[in-house]
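1. Quick one, what's the 3D model for this:
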Amino acid sequence: MARTQAVVGAAALGLIALSAGWEWNRVEAVACETSVLQAAAPPGAVVTAATVVDATDAHPRYCQVDGHTPSTGKPEANQVTFRIGLPESWNGKFLFLGVGGLGGTLPSLDAGIARGYATATTDTGHQSTDRQWASDPEKVIDYGYRGTHVAAVAGKAVTGGFYGAAPQFAYFNGCSNGGRQALMEVQRYPEDFDGIIAGHPATGTPMQVGRAVVYQQMLASPDNYLTEGAIATLARASVAACDAADGVEDGLVSDPLACRFDPATLACADGDTADCLTPGQLATVRQVYGGVRTRNGRTYAFGFPPGHEDGASGWQQWIAGSVPPVPLEDGTAGYEGPRLPSGYGLMDFNFRSLALDTPEPGYGWRGFDVDRDLPRMKTSTRTLTPSDPDLRKFMRRRGKLLLYHGWSDPGISALGTLDYRNRVVRAVGGQKAADTFLRTYFIPGMHHCGGGPGPNSFDMLAELERWVEKGEAPGAVIATRYEDGRAVRSRPLCPHPQKARYDGTGSIDDAASFTCR
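-> As a prediction, this is how the structure comes out:
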């Protein structure tokens with residue numbers, strides 16, 4: 001396949017030598033100037049700045065384009081900020097990067113630019129310094145899904161105008177809220193991208209409901225709080241119980257679905273204070289593992305599988321916090337100051353500002369009732385939750401979707417991603433149809449978008465490129481764990497429902513000793 005090389009004029013970024021060994025198409029780029037790039041922008045979009053960024057160890061030289069685009073055709077439309085990096089050595093492709101948390105910021109473009117992509121991103125239609133953005137319904141919709149779409153449209157238009165040729169392929173890559181953006185794109189705008197990577201996708205309202213019910217339990221009394229020691233005790237026991245479920249004892253829980261760990265085995269006997277859990281702590285653990293069900297027994301928010309709960313990026317960061325809650329006058333506990341658990345901060349904002357269709361002053365997570373309040377969250381759920389499994393439009397246009405999730409993610413349950421994957425398979429007509437466009441990977445021992453004791457370094461984008469551009473469907477993806485810059489373990493990540501099984505010989509730290517089956 002011919003690759004595209006940008007040859008940028010002296011007025012723009014300087015001349016580029018053509019690399020030997022490839023068949024290159026010469027594409028002249030316009031100057032990296034605001035007025036010139038404005039002419040390439042779609043109607044309504046405004047380019048506010050264009051700046052040449054010199055090369056560093058992290059990226060080559062590129063033209064950084066900043067601007068904003070209206071989210072609707074109405075005069076009073078919200079303006080969605082975008083940023084685009086246009087490298088002087090272009091690979092002919094477009095890559096859009098998702099943004100984490102509540103949006104409002106622009107992530108670094110370095111990873112995409114370093115690989116030669118015209119790389120774009122968005123703040124999803126508001127700035128993090130705007131404390132009132134969630135009171136504007138249009139900004140909420142833009143955060144939910146629309147802002148990503150209009151920024152992607154603007155990004156591809158400016159890219160095509162700059163290089164004088166439209167991108168050959170368009171990709172999306174995001175994790176956490178970026179994974180949620182990815183699923184919103186494939187569900188609502190299947191024409192935007194040829195290939196999409198959705199890592200650890202946030203589930204919107206169900207995710208926040210699950211967190212709320214956990215905090216209702218854990219903060220009902222100081223005795224229910226999970227200390228660092230309690231989490232470490234839990235992790236040792238869960239790994240000991242679940243490690244061998246995959247056929248090899250290697251210190252990793254690779255198949256939590258095959259494990260039946262009961263935290264009740266850790267109950268403190270009378271007088272015990274160490275290496276055990278109190279009744280209140282056990283109730284909290286059961287809530288984290290158990291998830292949330294409605295009155296009719298339907299799972300609404302999935303609980304978390306056991307294994308690797310400890311560590312700086314584990315339950316302590318996302319659930320319990322590095323600073324314990326303080327007792328309150330009513331006998332409950334609460335968090336004070338800026339050092340909140342990551343899950344608590346996101347959940348608290350959601351319930352105060354985003355959850356109800358009709359906001360109520362003073363409403364928050366402590367007063368939430370599953371059966372009473374879920375019907376009052378229908379609008380926010382449709383806006384924030386990527387729940388539609390019918391991806392046939394994306395499938396028919398031959399788009400490709402890679403899902404991945406760490407089994408030990410303490411922020412977003414991998415079981416929710418597994419459930420979504422299974423619903424997609426049913427909605428598109430079965431496994432054979434799903435295999436034409438969907439692969440799902442679960443990573444043992446990995447926390448939220450990284451971290452944890454498992455192999456957490458892998459290249460899904462390269463796999464997606466080969467599938468989209470060459471028709472080579474991905475199989476096993478090699479993941480590696482590095483410590484102090486040295487590879488200490490590798491493992492094949494297998495497309496679900498396959499699992500990595502030890503061959504019986506060779507090092508358990510070497511991917512070559514495992515087979516997907």
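2. counting residues per helix, which one in this structure is longest?
-> Determined from DSSP state H, the single longest helix within the chain is helix 147-163.
3. Let's see the pLDDT reported for residue 76.
-> As predicted, residue 76 sits at a pLDDT of 89.
4. for it, helix, strand, or coil?
-> For residue 76, the secondary structure call by DSSP: H, G, I helix; E, B strand; the rest coil comes out as coil.
5. returning to what we had before: neighbouring strands for the next helix or strand after the longest helix of the chain, and are they parallel or not?
-> Per DSSP states H and E, the first helix or strand lying C-terminal to helix 147-163 is strand 169-175. According to DSSP bridges, strand 169-175 has the following sheet partners: strand 93-97 (parallel), strand 195-199 (parallel).
6. what would the ones you listed look like in JSON lines with mean pLDDT and mean neighbour count?
-> Placement of C-beta: from N, CA and C, glycine included. Shown next, in JSON lines, are the strands paired with strand 169-175 (pLDDT from 0 to 100; neighbours: other Cβ atoms under 10 Å):
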{"stretch": "strand 93-97", "mean pLDDT": "98", "mean neighbour count": "27"}
{"stretch": "strand 195-199", "mean pLDDT": "99", "mean neighbour count": "27"}
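7. which stretches of the stretch 151-300 of the chain form helices?
-> 177-188, 205-218, 228-242, 279-290 (DSSP state H, counting those that start in this stretch).
8. so how far is the last one off the chain centroid?
-> Using Cα atoms, centre = their mean, to the nearest Å, the distance from the centre of helix 279-290 to the centre of the chain it belongs to is 26 Å.
9. can you check stretch 443-450 too?
-> 12 Å.
10. Between the two ends of that stretch, how far is it?
-> 10 Å (Cα to Cα, to the nearest Å).
11. which regions of this structure sit below the pLDDT cut-off?
-> 1-28 (pLDDT under 70).
12. Including distance to residue 292, could the strands paired with strand 169-175 go into a markdown table?
-> Shown next, in a markdown table, are the strands paired with strand 169-175 (distance: least, Cβ to Cβ, whole Å):
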| stretch | distance to residue 292 |
| --- | --- |
| strand 93-97 | 31 |
| strand 195-199 | 23 |
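13. Those: which one's closest to residue 83?
-> Proximity to residue 83 (Cβ to Cβ) singles out strand 93-97 among the strands paired with strand 169-175, at 9.6 Å.
14. so how far is whichever helix or strand comes after that closest one off the chain centroid?
-> Downstream of strand 93-97, the first helix or strand assigned by DSSP H and E is helix 110-114. Distance of helix 110-114 from the chain centroid (Cα atoms, centre = their mean) equals 18 Å.
15. same for helix 110-114, what does it pack against?
-> Contact here means 3 or more Cβ pairs under 8 Å, 6 or more residues apart in numbering; DSSP states H and E; on that basis helix 110-114 packs against strand 79-87, strand 93-97, strand 118-122.
16. go again using 7 Å as the cut-off
-> strand 79-87 (3 or more Cβ pairs under 7 Å, 6 or more residues apart in numbering; DSSP states H and E).
17. returning to what we had before: give me whichever of the helices of the stretch 151-300 of the chain is most buried.
-> helix 177-188 (a mean of 26; mean count of other Cβ atoms under 10 Å).
18. okay, the angle between that one and helix 205-218?
-> With axes from the mean of the first three to the mean of the last three Cα atoms, to 10 degrees applied, the angle from helix 177-188 to helix 205-218 works out at 140 degrees.
19. Roughly how far does the closest residue to residue 371 other than its chain neighbours sit from residue 372?
-> Of all residues not flanking residue 371 in the chain, residue 295 sits nearest, at 4.8 Å (Cβ to Cβ, 6 or more residues apart in numbering). Separation of residue 295 from residue 372 (Cβ to Cβ, to the nearest Å): 10 Å.
20. before we move on, back to that, the helices of the stretch 151-300 of the chain: which one's closest to residue 477?
-> That would be helix 177-188 among the helices of the stretch 151-300 of the chain, by Cβ to Cβ, at 16.6 Å.
21. Same question for the longest helix of the chain: list its buried residues.
-> By neighbour count with 16 or more other Cβ atoms under 10 Å, helix 147-163 contains the buried residues 147-159, 161-163.
22. what packs against that helix?
-> Using 3+ Cβ pairs under 7 Å, 6+ apart, helix 147-163 sits against strand 24-29, helix 34-38, strand 62-70, strand 79-87, strand 93-97, strand 118-122, helix 177-188.
23. For residue 333, which of those is the nearest?
-> Nearest of the helices and strands packed on helix 147-163 (Cβ to Cβ): helix 177-188, 27.7 Å.
24. Measure how the closest one sits relative to helix 147-163, angle-wise.
-> Using the same axes, to 10 degrees: helix 177-188 against helix 147-163 is 90 degrees.
25. what angle separates helix 177-188 from strand 118-122?
-> Going by the same axes, to 10 degrees, helix 177-188 makes 100 degrees with strand 118-122.
26. Contacts for helix 177-188 next, please.
-> 98-101, 103, 145, 148-149, 172, 174, 192-193, 196-202, 204, 386, 388, 391, 394, 399, 401 (Cβ atoms under 7 Å, 6 or more residues apart in numbering).
27. For the buried ones among these, write the corresponding ChimeraX selection.
-> ChimeraX command restricting the contacts of helix 177-188 to the buried ones, with burial defined by 16+ other Cβ under 10 Å:
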select :98,99,100,103,145,148,149,172,174,192,193,196,197,198,199,200,201,202,204,386,388,391,394,399,401
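28. Of all the helices of the stretch 151-300 of the chain, which one comes closest to residue 344?
-> Comparing the helices of the stretch 151-300 of the chain under Cβ to Cβ, the one sitting nearest is helix 205-218, at 6.3 Å.
29. Give me the residues contacting that closest one.
-> By Cβ under 7 Å, 6+ apart, helix 205-218 touches 224-226, 283-284, 287-288, 291-292, 300-301, 319, 343-344, 347, 350-351, 355, 365-366, 368, 377, 380-381, 384-385, 412.
30. bridging residues for the closest residue to residue 45 other than its chain neighbours?
-> By the measure of Cβ to Cβ, 6+ apart, the closest residue to residue 45 outside its immediate chain neighbours is residue 69, 3.9 Å from it. As for beta bridges, residue 69 partners with residue 80 under DSSP bridges.
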